[in-house]
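Asks: With the input below, show me the fold.
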Amino acid sequence: MEEMISQVPPSSILNIRSEPRIVEQQFGNFQNFEEVQNSRDERVKFGRFFYRFPSGEAGLDVYNRVTSFISTLFRDARQMREKGLDVSKSNIVIVTHGLTLRLFLMRWFHIDVDEFETMYNPDNGFLAVMERQTCPTSGNQWYELTEESANHLQIKTRASKPLVCVEDLEKSLIKTE
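Replies: Residues are numbered from 1 along each chain as shown. Below is the predicted model of the structure:
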């Protein structure tokens, strides 16, 4: 983390936080290889989202932690705007583990459990990038996962687009005529 921070001018860093809600899933207190294998086999049958490791967490638990973390992101952004900071030109960098990243994206993009189960963990050090989009007619904003990020993670749902963007509505009306 220190190496990453050293590459960014200090004047451009608004905040740094170590956040326990986005740590990796707790897999329990395994003491022998056979217990680990049995749990992994059982998780494959049950599904990665709902399976709870003995003395550990289910993906659902991590999802709930991530949901709380996202609420904090929105609250922090609101507080920065109230202080007069232009957060529209800010980038947020989140460093976390693969499963937690996938659950963050699941929550952000409202991905269902079936799609989550088809997603892949990223390679170590992979940068998943979400870019802000703006509807030119309404000004509504949303985030889209870049095509490279979506392909790497095997995510089909790439955007949390607002329900109505007038430009899109006009395009769909033209196509149907």
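Asks: Give me the below-cutoff pLDDT ranges for this structure.
Replies: 161-177 (pLDDT under 70).
Asks: which residues of it fall in helices?
Replies: Counting by DSSP state H, residue ranges of the helices within the chain are 2-6, 33-46, 59-82, 98-108, 113-116, 147-153, 166-176.
Asks: Can you check which of these gets nearest to Arg17?
Replies: Among the helices of the chain, the nearest to Arg17 by CB to CB is helix 59-82 (8.7 Å). In short, each C-beta sits where N, CA and C put it, glycine included.
Asks: Next, work out how far apart Asn32 and Pro54 are.
Replies: Here Asn32 is placed at a distance of 12 Å from Pro54 (CB to CB, to the nearest Å).
Asks: ditto for Ala77
Replies: As judged by CB to CB, Ala77 and Pro54 stand 38 Å apart.
Asks: Of those two, which one has the most company?
Replies: Applying other CB atoms under 10 Å to Ala77 and Pro54 shows that Ala77 carries more neighbours, namely 15 against 12.
Asks: mind listing what the more buried one touches?
Replies: The contact partners of Ala77, by CB atoms under 8 Å, 6 or more residues apart in numbering, come to Val87.
Asks: Give the burial count for Phe30, as a bare number.
Replies: Counted with other CB under 10 Å, the neighbours of Phe30 add up to 16.
Asks: Might one say that it is in contact with Gln37?
Replies: No. The pair Phe30 / Gln37 is not scored as a contact, 9.7 Å apart, by CB atoms under 8 Å.
Asks: Can you tell me the closest non-neighbouring residue to Glu147?
Replies: Of all residues not flanking Glu147 in the chain, Arg158 sits nearest, at 7.5 Å (CB to CB, 6 or more residues apart in numbering).
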